[in-house]
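Undergrad: here is my input, please return the structure:
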Amino acid sequence: MSVARAANSAPESESLLRTLREDVRTAQRRDPAARSAIEVALAYPGVHALWFHRVAHRMWQIGGAARLPARLLSQFARFVTGIEIHPGAVIGRRMFIDHGMGVVIGETTEIGEDVVMFHGSTLGGVSMSKGKRHPTVGDRVLIGAGAKVLGPITLGDDAKVGANAVVVHDVPAGFVAVGTAAAPRPSRAPEFDPYADPALYI
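TA: Here you go, the predicted structure:
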């Protein structure tokens, strides 16, 4: 599992611009309703939230006085998009947040590459103590609408979380988690399908 570290490559500005452009191409590729890059750039709140986050995360990593503006930027993004991503969260490349309203991603979350999250889903904590308290998400993971993934647990590569599932235990790579509290079981789908309806796994 590769969890990307969002602000380590150089030169910083060129790397960030490449990532922002890649976010647009990812939304075009993942969403069959997307008709053009201009439409995605102007009308996709999931892309906007990622753009805000990628800037806020860079600021967060600077530390010190830069962290307050990073938090303010993340809260502005929440106001504009309905998606709340803490600037401390680490998000890899080619993530796609579909629809987006109500998505919450906590501070110590780590997300790999090619992950898809649907509206109303949460990567949250179950503890109020400091330290690692949010999930680690592998590559090519799909998280269905309304799903709650809680605590410092791991979703392995190619895992899928069904709509409205509540996940509080690790999900092995390639498994599907459904229900409340969701129990992992082997996936019947041999390949990652970014267009699959998460309700199929209920």
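Undergrad: can we go C-alpha only for contacts and neighbour counts from here?
TA: Noted.
Undergrad: residue with max distance from the center of this structure?
TA: Most distant residue from the mean C-alpha position of the chain: Ala65, 26.1 Å away (C-alpha atoms, centre = their mean).
Undergrad: tell me the spacing between the residue lying closest to Gly144 once chain neighbours are set aside and Gly124.
TA: Spatial nearest neighbour of Gly144, chain neighbours left out: Ala163 (4.2 Å); criterion: C-alpha to C-alpha, 6 or more residues apart in numbering. Separation of Ala163 from Gly124 (C-alpha to C-alpha, to the nearest Å): 16 Å.
Undergrad: and those two? which has more neighbours close in?
TA: The residue with more neighbours, out of Ala163 and Gly124, is Ala163; 25 against 20, by other C-alpha atoms under 10 Å.
Undergrad: just the CA trace of the strand or helix carrying Leu73, in CSV.
TA: Using DSSP states H and E, Leu73 sits within helix 67-81. Output of helix 67-81 as CSV, limited to C-alpha atoms (Å, rounded to 0.1, in the frame of the first residue of the first chain):
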residue,chain,number,x,y,z
ARG,A,67,-1.4,26.3,10.7
LEU,A,68,-4.1,28.8,11.6
PRO,A,69,-4.5,30.0,8.0
ALA,A,70,-4.5,26.4,6.9
ARG,A,71,-7.4,25.7,9.2
LEU,A,72,-9.3,28.8,8.1
LEU,A,73,-8.8,27.8,4.5
SER,A,74,-10.2,24.3,5.2
GLN,A,75,-13.2,25.8,6.9
PHE,A,76,-13.8,28.1,4.0
ALA,A,77,-13.7,25.1,1.7
ARG,A,78,-16.3,23.4,4.0
PHE,A,79,-18.5,26.4,3.7
VAL,A,80,-18.2,26.5,-0.1
THR,A,81,-18.3,22.8,-0.9
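Undergrad: what packs against it?
TA: In terms of contacts (3 or more C-alpha pairs under 8 Å, 6 or more residues apart in numbering; DSSP states H and E), helix 67-81 is packed against helix 45-62, strand 84-85.
Undergrad: just name the most buried of these.
TA: strand 84-85 (a mean of 26; mean count of other C-alpha atoms under 10 Å).
Undergrad: thinking again about what came up before, the residue farthest from the centre of the chain falls within a helix, correct?
TA: Yes. Read with DSSP: H, G, I helix; E, B strand; the rest coil, Ala65 is one of the residues of a helix.
Undergrad: distance check, it against Arg78.
TA: Separation of Ala65 from Arg78 (C-alpha to C-alpha): 21 Å.
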